[in-house]
Structure formats: structure tokens, C-alpha cells
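**Student:** Just to be clear, the model below is a prediction. Sequence and coordinates:
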Amino acid sequence: YFEGDSDREHMFVSRALEKILAEKEAKRPPHGQLRRACQVALGECAGGGPGSCAAGQGTAAPPKANFIEADKYFLPFELACQSKSPRIVSTSLDCLQKLIAYGHITGNAPDSGAPGKRLIDRIVETICNCFQGPQTDEGVQLQIIKALLTAVTSPYIEIHEGTILQTVRTCYNIYLASKNLINQTTAKATLTQMLNVIFTRMENQAVCSYYLFTDLSSLMLVPWKRSHTILLFEKHVVSETVRASSESEAVDLAHSGCSNENVQTNGIPDDRQSVSSTDNLETDVPGPQAAAKFSHILQKDAFLVFRSLCKLSMKPLGDGPPDPKSHELRSKIVSLQLLLSVLQNAGPVFRTHEMFINAIKQYLCVALSKNGVSSVPDVFELSLAIFLTLLSNFKTHLKMQIEVFFKEIFLNILETSSSSFEHKWMVIQTLTRICADAQCVVDIYVNYDCDLNAANIFERLVNDLSKIAQGRSGHELGMTPLQELSLRKKGLECLVSILKCMVEWSKDLYVNPNHQASLGSDKPSEQEMGEGKCLESGGRRSSVSSLESTVSSGIGSVGTQTSVPDDPEQFEVIKQQKEIIEHGIELFNKKPKRGIQYLQEQGMLGTTTEEIAQFLHQEERLCFTQVGEFLGENNKFNKEVMYAYVDQLDFCGKDFVSALRIFLEGFRLPGEAQKIDRLMEKFAARYIECNQWQTLFASADTAYVLAYSIIMLTTDLHSPQVKNKMTKEQYIKMNRGINDSKDLPEEYLSTIYEEIEGKKISMKETKEYAVSAKSKPNVANEKQRRLLYNLEMEQMAKTAKALMEAVSHAKSPFTSATHLEHVRPMFKLVWTPLLAAYSVGLQNCDDTEVASLCLEGIRCAIRIACIFGMQLERDAYVQALARFSLLTASSSITEMKQKNIDTIKTLITVAHTDGNYLGNSWHEVNLSLNFEREVNF
């Protein structure tokens, strides 16, 4: 209904109605209803309808009068919007926009034509319906955008759920469909502004709710207390999430009065009624449980918008080369851009609320697994930017998702010999930013390399960067010399950044010799250096950046996971256990019995057949060919393990082919017929044991023969070597008399044939990919390389998507590293590939920038080795410096280049800044510097 000054309001409406009536189009016969509605409304305005007068006098009018009046005033504008005349529609939209902007209309009254909806929902829907696709008048498009932005941003009206989604969708569609560049730009800017308002309102409401319960006036006077207040608010947001998730009643709106809001909870029960199904904007799980997840309706609005953008970004592109002007590609790009904007500006509620974290896991991360390998540079680059933001702001909640992204996408692109220079370049640009964040670098090591169930992300990353920095595989990629040099520099830059982070992380342990005369004649041992200094400094990082990282990540948020305490000793033990297991797996993949024996000797594997069988089931890094060979062996021990392995599988209620798929997805069948025979015999017995109720098979022998025939059928139908494929009739004939001298039903055998024909029996997708990735054919030319790369990227995306979906509901504890001591095992793990990269760079390349990066890396490495008392590593790096200084008796002074002069300067700098830590390495330094003095003399 309309509010405010009555005379001004009537004058405003009257002029708009008169303008509509004055249009030539309005005088034509088809618009008779519109003319009558305008005249009735003008009469109301001239007479100052009863409801309006009452509002102007400050007395409450009967509610019904207000509702009737609202319908009368809105009807002419609604009819005007439904007319096909651009001028009439523009006039109507302009008037509605101004009525909303100046607060003359709020629309909180129920919509008499649609039970459960409010008039404002009808108004917004009317505005949205003015857009009829690309043929819509360009002026009308701009008016729609203007009116919808006003509706979303106005403090006088409220739109929620389906209605707010409809406003976003309409602007989105105008951006995609409009042929006018100005309209496209305006629609995109409006979308960004709408999202900013929607998410900012949600955050502000939480702040308001907190302020209602806390007297903060005194706290805000002192700067440190202000910081404390922000921390309190973060904790409050988390506690609100706890409360909201545990409640069983509907949305609690008791604390919404602080922002001039009068929230309607009924709204639209299912937003699919007002939003096209093609955009997949359905509400969450139906019923009161879904509503109980949110403590305020604004949170649900933000959630629905965020989820819809995620789903839009997941839509596949058409076949063939992508067209930059296609709706599909433009839709994907703008959805990713909007998602990036939302994530970069995320507040405490978004960063900690269970529903938003789950939406990121279930929708955004799955979308990234596909877009993260896109051949379209813009899509790929946006995906990397989104991943960076997730890593920065949400890593405590997304441990497993980050691992998948690193392991299956980032590092695979770096390692794949056929990947394009553009993809490698963008990945390494992203890694440059990741490697510059000390907290992030140490967190990656602690959470992945020191986790028994996770991949060694940090170690693998450094090894890959080292290969790139050395210029290996450059020729295979078909890169130009300039591209190869650029990639090498970026690789070195990343490696130097990692070492700088480690130096920064452990800086409290370093004592500058210029500030202290001597550290004492006796150098402490490696153990004493670590323990003594860590005790002295508390062994913890207390920097602001570390604290901010912890706070902003929303650690401890309910429904995600709790943070694990940072215990360096415990992590080092886990890392040692992990190395034992990895070595055992390596041995198993060569000789299974030897690997099992080693793991048992080290106490990492039990001795019972059940424990060994469970290990074979759970450990996906085992060579699946070796697992099959081991299970098929004929000696007593192997048979017992094989029986335990099959008995741990549950085939209850499974059809025969599904059970056989489950059985064979964990290993590759051995080639020897006798081994296959033993495996199939045990499988058949287990299937009958699990399905004793079945009446189809007369005995386990039937199941055994049928299983064998299905294996033969799979080979026949799907092997490229078999030219003449078996027909359905031949297969049925082959299985005659196998059921205790009787036939199995032809329909049953026919169904089996069709199922195997449609999909072969194979190992898990992740396992197949792991096996195929080990051997890559040599690529003859650029065209073949690109074709191979596209196939690899497709498989990469498939694997990553499957893994992302598998972990979308998983929760894994995340540790925010704080201890300085982590740097010692980190450096011990990677000092060799780092030294190789710097040595090769100095040896083979005369580029001054490459030499400068190598020398900076060596200097950082010496600092780390020195402060942790790592003698072997320190000596290796000092010797490398001395060698490249060419200050030896065997070298000719004429061979010296600029990089060798810079090496001498670095050696002198190291002697000056780290001299008290050098110990025996002084021998190399003295030899070089003495030779320099002799030459100068």
C-alpha cells in the first residue's frame, strides 16, 4: 500500500496515469481495460480515497480499505506493463520505480489474487515479466533493470526467496539476451550491486542482532577493545550458527527489528513457482527442517542466490570450439565472476554458517572441478581465482576439496607433458601467490604431507616446480625458448617464495650476529637448536597475519569441523609413519609379499589375514595388477587372504552383474586362467552366501560358470583386438545347461548381455586413471599433442568431479599451524630438489634474473639450515655457492661472468649475516675468499 505525504503521493501517481492515458496506444480499443483502470485510479486520487486520507491524517485506516486501495492503485500500472507498447510500459515502469524509491509503496499487504503472496511479490513479478527476450525494446530493458535494482536496494520494501531470485534471474537474462552493449554492461553492474546488497544485508543483520544483546558503547572507545569486539562478534556468529542448526522450529525472526524490517516468513513456499525451472533455483530440503537451518530470512535469500549461481556455473558448454558470443559461455563466465565477487567480499556469517560451507562443498567445488580444466582461458583463469579465494578464506572447512584440486588439477597440469603452455602459465601464476603466503605454505605441509590419508601436496609441489625451474620437458611441450625461460623464471620465483616463507616463519629463531657478538664457541646440536630455541620463543608464531588467518577462517564453526591442536612432534611421528607406509607400498608394487612383510616388521600392518585383506581393500595406491596376482596365487597364505578379501565384500540384495562389478573394481584380473578360476569360484560362493533367498541359481556352480562367462563376454565386446563380436544369441547358447543341467531364463541372460554391452566391467574410475596416467605415449606433432591433452583434461575433470562429489559431505579436521619447528622437517623433505633447481639454473643459464633468483634461494636455504643446525644441508648449499664463485685453483679468471661475480657477493653476504652459524662450512668460505685476495694481490 502507499504511504507518505498524501497530496504529493496523489500528484505523483496522477501525473503518471495521465501520461499513460495521453499515449496514442492507450486510446486504441485493445487497451480499454487499461483506460478504465487509469480513470478509476485518477478518480480515487482526485477524491483522496478514504484509506489515503486516513494515512495522511495519521490515523489508522481499516486494513481492508488499505488493501482495496492498493489493488486499485496498482492495477493500471500492471495492465500498462502487460501492454505491448514500449512507451506505455516504460512510463509504467518509471512510475513504479519512483514509487518504490521514494517509499510511497511497500506492498506488505497480501495479494488478493494469489494466496500466500504479498502485493510486492506481484509488483516485482510484473516488472520482471516486461522482459520478453531479445526482442524487448532496449529502453524498456533499461527501465526494468532500474526498477529491479531499486526494488532490491530500497529500504522501504522487502522481497525475499523466490521474488529476489526472480529479480536476479531477470537481470541475468537481460545481460545474456540484450544486443545493446550499454544494456549488457548496465545489467552486469546491476547484478554485482544486487549481490553486494543481498549479502551485506545478511551480514549487517547479524551485527545488528549481536549489538542488541551487547552493550558495546564502552568497548568501542579504545582501539584494542574494538579489535576484541570484532573477535567477540565472530564468536557470536559461530554461536548463532550452533543455535540455528539445533533448533527444530521455523525461522526465528525475533531479532530483526534493528534494521527497520518487518519480515514476512510465509513469502513464497516454493520459489520454483516464480523462477524458471531451467535455472534450477529450487529451495533447499522441503519442510521445517530446512527453515531451521537459518536464523534469519536474509540468510536464506543469500543462500538461494549463491546456490543458483553455482548451478549456473556448472552448466556444460556446447560441443565443438566454444563461441565467445554464445549464451552458454557468457553465462558461465558471468556466473563465475559474480561468485568470485561474493567470495572475495564474504563476511563472518558467510564464512562460518554451515549452510554456506555446505553449499561451497556440494555446488561450488564440484563446479570448479569441471571449470578448473576448461580449455577456455577466461573460465580457467576465473576458476583459479575462485580457488585462491577459497584457499585464503575457507581452507579450514575445505581440507579434502583443496587436496582434490591440488592433486587432480593443479599438479596434474604441471606434470602432464602434453598440457599447453597457457594452462601451465596460469597455474604457475596462481602458485606464485599461494607460495608467497607463509601461513598457507606451512598449513599445506602440516595438513597434507603429515596426514596418513592425504597426498604429499607440499613435496609433490616442490618437486614439480623444481623440474620446471630446471627447464625439463620444455622441448616436449613445443614451447618457444622465450616461453620456456618465462616458465623457468616463474618456477624459480615460486621456489624462492617457499623458502622465504620458511625463513619468515622461523625468523624468531635467528640471531643477527651484528646485534650479538658471539653465539658461543660450542655450536649446539641439531636437537638442541630446535628444542632450546623453541622453548625460548615459545615455539609459536604470534604474528598478526597468523591470527587474522585463524579468525577469518571461522575455525570451530559448528557443522564443519573442529581445529586440531598444532603439535609438531606428533606431526613428525605421523610423517615418519607415512614414509614407512609409502615405502611399503612401493615394495608391494614390485613384490607384494615383500611389501607386506616390511609393513608388518615396522608395525604398520597386522598379521592376520583379515587385516591384510582390509589393507588391500582400503589402500588405493597399490598396483592393482599386483593385487590381482597376489590374490590369485595358489599357496595357502595367499588363498586365506583372498578368502578374507572376498568375505569382506557385501553382496546382499545386489543383482549378479552389480556384485561382479563391485568385486572386480578393486584389482585387475590376473592373466593366468587358473588364478581367475580360483577368484571366480570364491566370488560365486560368497554371492550365494549373501543371497540365500534367491531361487534363480540352483547352486554356487551356476554362479561360478555365469561369472566366468560374463568376464569372457566383457573381453569379447570391449577388446579392440576382437574383430568378430559375440552376438546375444551366441551368448545365450554358450550358457545353456549351466544351471544344474537346466537353462537360465533367456530374458535374464539377454539383460546381462545388454548391460555388459552398454558398460564394461572395470576398475574404479580413479584407479583406471591412476594406471593410465603412468604411461604416456610420445607425441609426434602439435595437433596430436592438443588432441591428447584434451582427452587427458576430460578424464582429469571426470576424476576430479567424482572425487569432489565423494567428499562433498565429508568433514576433515584442519590444523592452522603456529609452531616454528615445522620448518625443520619441511626443509629436510625438499632441500634436494631445491638445490638441484638452483644449481642447474646457475650452471646452464646466463640470464641475470635467473641467477639472481637462484642466489636468493641458496641464501635463504643456508639461513634455514643454519638456524636449525642442519649441518649436511648447510654444507651442501655453501659448497654450491663456493663452486659457482669459480674462486678455485682450477678455474680461469677469464671464465668469470656476471653471475659468478654475484655469487661471490652472495658468499660474502652469507659470511657476514650467518657467519656465527656456519661452523665447518667456514672452510669453503675461507678457501674462496683467500683465493680472491690472492688474485687481487
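**Tutor:** In hand now; what should we look at?
**Student:** what about residue 578, neighbour count?
**Tutor:** Neighbours of residue 578 under the rule other C-beta atoms under 10 Å: 18. C-beta here means a position set from N, CA and C on the backbone, and glycine is covered the same way.
**Student:** Mind telling me what element it is part of?
**Tutor:** Element membership for residue 578, per DSSP states H and E: helix 568-588.
**Student:** following that helix, which helix or strand shows up next?
**Tutor:** Past helix 568-588, the next helix or strand by DSSP H and E is helix 592-601.
**Student:** Just the buried positions in the helix holding residue 578, please.
**Tutor:** 568, 571-572, 574-575, 578, 580-581, 584-585, 587-588 (16 or more other C-beta atoms under 10 Å).
**Student:** which residues of the stretch 251-400 of the chain fall in helices?
**Tutor:** 288-291, 297-314, 327-344, 348-352, 354-359, 365-371, 377-393, 399-404 (DSSP state H, counting those that start in this stretch).
**Student:** Name the spans of the stretch 551-700 of the chain whose pLDDT lies under the cut-off.
**Tutor:** 551-563 (pLDDT under 70).
**Student:** on that earlier part again, any chance of TSV for the helices of the stretch 251-400 of the chain, columns mean pLDDT?
**Tutor:** Output for the helices of the stretch 251-400 of the chain, formatted as TSV (pLDDT from 0 to 100):
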stretch	mean pLDDT
helix 288-291	39
helix 297-314	90
helix 327-344	91
helix 348-352	88
helix 354-359	89
helix 365-371	87
helix 377-393	90
helix 399-404	90
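**Student:** out of the ones you listed, which comes closest to residue 136?
**Tutor:** helix 327-344 (15.5 Å; C-beta to C-beta).
**Student:** from the chain's centre, how far out does the closest one sit?
**Tutor:** Centre-to-centre, helix 327-344 and its host chain are 14 Å apart (C-alpha atoms, centre = their mean, to the nearest Å).
**Student:** circling back to that earlier point, can you say which of the helices of the stretch 251-400 of the chain is nearest to residue 193?
**Tutor:** helix 327-344 (10.2 Å).
**Student:** what is the orientation angle of the closest one with helix 297-314?
**Tutor:** Angle, helix 327-344 to helix 297-314, by axes from the mean of the first three to the mean of the last three C-alpha atoms, to 10 degrees: 140 degrees.
**Student:** Please identify the helix or strand for the nearest residue to residue 163 once chain neighbours are set aside.
**Tutor:** Nearest residue to residue 163 in three dimensions, chain neighbours excluded: residue 121, at 4.7 Å (C-beta to C-beta, 6 or more residues apart in numbering). Assigned by DSSP H and E, residue 121 belongs to helix 119-129.
**Student:** where does the stretch 351-500 of the chain dip in pLDDT?
**Tutor:** The low-confidence ranges in the stretch 351-500 of the chain, as defined by pLDDT under 70, are 473-478.
**Student:** picking that back up, quick check: which helices or strands does the helix holding residue 121 pack against?
**Tutor:** helix 63-82, helix 86-101, helix 138-153, helix 162-177 (3 or more C-beta pairs under 8 Å, 6 or more residues apart in numbering; DSSP states H and E).
**Student:** In a markdown table, list the helices of the stretch 251-400 of the chain along with mean neighbour count and distance to residue 143.
**Tutor:** Shown next, in a markdown table, are the helices of the stretch 251-400 of the chain (neighbours: other C-beta atoms under 10 Å; distance: least, C-beta to C-beta, whole Å):
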| stretch | mean neighbour count | distance to residue 143 |
| --- | --- | --- |
| helix 288-291 | 15 | 35 |
| helix 297-314 | 24 | 23 |
| helix 327-344 | 20 | 21 |
| helix 348-352 | 26 | 32 |
| helix 354-359 | 22 | 33 |
| helix 365-371 | 26 | 33 |
| helix 377-393 | 20 | 31 |
| helix 399-404 | 23 | 42 |
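**Student:** Nearest approach to residue 643 belongs to which of those helices?
**Tutor:** Taking C-beta to C-beta, helix 399-404 is the member of these nearest to residue 643, at 33.5 Å.
**Student:** which residue sits closest to the residue nearest the centre of the chain, ignoring its sequence neighbours?
**Tutor:** Per C-alpha atoms, centre = their mean, the C-alpha nearest to the average position across the chain is that of residue 365, at 3.6 Å. Using C-beta to C-beta, 6+ apart and skipping residues adjacent in sequence, the residue nearest residue 365 is residue 401, 4.4 Å away.
**Student:** Report the contact partners of that neighbour.
**Tutor:** Applying C-beta atoms under 8 Å, 6 or more residues apart in numbering to residue 401 gives the contacts 361, 365, 390, 804, 807.
**Student:** Next, give me the two most distant ones among those.
**Tutor:** Once C-beta to C-beta is applied, the contacts of residue 401 give 390 and 807 as the farthest pair, at 14.0 Å.
**Student:** So, low pLDDT: which residues of the stretch 801-937 of the chain?
**Tutor:** In the stretch 801-937 of the chain, residues with pLDDT under 70: 886-896, 912, 914-937.
**Student:** I'm done for today, thanks for sticking with me.
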